[in-house]
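Colleague: sequence first, then the predicted structure:
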Amino acid sequence: MAQIEINEARIRAEFGELARIDSESFGEREMADRLKERLAELGIQAKEDDTAEKIGGNAGNLFGTLKGGLSGTPILLSGHMDTVAPGIGKKPVFHEDGTITSDGTTVLGADDLTGVIAILEGIRAVQEAEIPHRDIEILFAAAEEPFTRGSSEFDFSQMKAKESYVLDVTGPVGTAILQAPTILSFEAAVKGRAAHAGFEPEKGIHAIQTATRAIAALKLGHVDEETTLNVGLISGGSVVNAVPELCTCRGEIRSYSH
């Protein structure tokens, strides 16, 4: 069997080029266009869906298939095009020890550019070694960081793959995550009654006190082996001499059981 060779210099050059592209969530237009070009060079005519108009972004999800010479169900390789903020004006810095960092003013964008480039380079290496393979489906998602907004609008019925590798995790090479939780974010508004805190506090209903009593009654952290609950933000009141009439709490529930 032919030996697959990964071109490290090519990977670093491509990372340096693509990392300079502004691609914060909902603003991946230039990145999507560049990736369409790269996929076309590999023989993949990627189609862009209409997700952008559904989520208020400027780019949709990219999906395409690379035909292979072997029969069997296709395999899916996936990554996402967006980065978190601050991600405008990124400047990757290549250090002598081989590491790559940002210049300190923005994120580097390695999440998930490293996954995207690994997919591109992997396909190139297989093609250059002329190794037959099953069909390969590619999905580059938009707006993944804000709780997978892009892929939530993708039409998965067009996929034929039953096996997928999503390259979007940190850790030692070879590490695989086999499950991920469903995440539900929530916001609770507790309405009380305003009153002057110095003259007639008894006429008020203290929204902050009521909210904190409710939070204290919750089992935070691990609710069970599969589920966690957290209240991470709380805000309320407007002045110190009034019984607060509103308190807002925000949190999330994560569970391996949907």
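Modeller: Yep, that arrived.
Colleague: helices of the stretch 51-200 of the chain, residue ranges please.
Modeller: Along the stretch 51-200 of the chain, counting by DSSP state H, counting those that start in this stretch, helices occupy 51-55, 110-128.
Colleague: just the strands in the chain please.
Modeller: 47-48, 62-66, 75-80, 93-94, 100-101, 136-141, 163-166, 182-191, 195-196, 221-222, 227-236, 242-243, 246-255 (DSSP state E).
Colleague: between these, which one is closest to residue 23.
Modeller: Residue 23 sits nearest to strand 75-80 of all these, at 9.5 Å, using Cβ to Cβ. Where C-beta positions appear, they are placed from N, C-alpha and C, glycine not excepted.
Colleague: give me the buried positions along the closest one.
Modeller: Buried residues in strand 75-80, counted by 16 or more other Cβ atoms under 10 Å: 75, 76, 77, 78, 79, 80.
Colleague: what's the closest of the residues you listed to residue 52?
Modeller: Closest to residue 52 out of the buried residues of strand 75-80 is residue 80 (14.3 Å), distances taken as Cβ to Cβ.
Colleague: quick one: the residue lying closest to the closest one once chain neighbours are set aside and residue 81, what's the gap?
Modeller: Leaving aside its sequence neighbours, residue 80 sits nearest to residue 144 (Cβ to Cβ, 6 or more residues apart in numbering; 3.4 Å). Between residue 144 and residue 81 the computed distance is 8 Å (Cβ to Cβ, to the nearest Å).
Colleague: so what sits against both of the two?
Modeller: By Cβ atoms under 8 Å, 6 or more residues apart in numbering, residue 144 and residue 81 have these common neighbours: residue 112.
Colleague: look at the two and report which has more neighbours.
Modeller: Counted by other Cβ atoms under 10 Å, residue 144 and residue 81 do not tie: residue 81 has more neighbours, with 29 against 26.
Colleague: the more buried one and residue 141 touch, don't they?
Modeller: Yes - in this structure, residue 81 is within contact of residue 141 by Cβ atoms under 8 Å, at 6.8 Å.
Colleague: and residue 137, how far is that from residue 75?
Modeller: In this view, residue 137 and residue 75 are 7 Å apart by Cβ to Cβ.
Colleague: how is this protein divided into domains?
Modeller: Domain ranges of the chain: 8-166, 182-255, per automatic domain parsing.
Colleague: got a list of what the residue nearest to residue 71 when sequence neighbours are not counted touches?
Modeller: What sits nearest to residue 71 in space, not counting adjacent residues and going by Cβ to Cβ, 6+ apart, is residue 134, at 7.5 Å. Going by Cβ under 8 Å, 6+ apart, residue 134 touches 68, 70, 71, 72, 73, 74, 75.
Colleague: and residue 176, which of the domains of the chain is closest to it?
Modeller: Nearest of the domains of the chain (Cβ to Cβ): domain 8-166, 8.2 Å.
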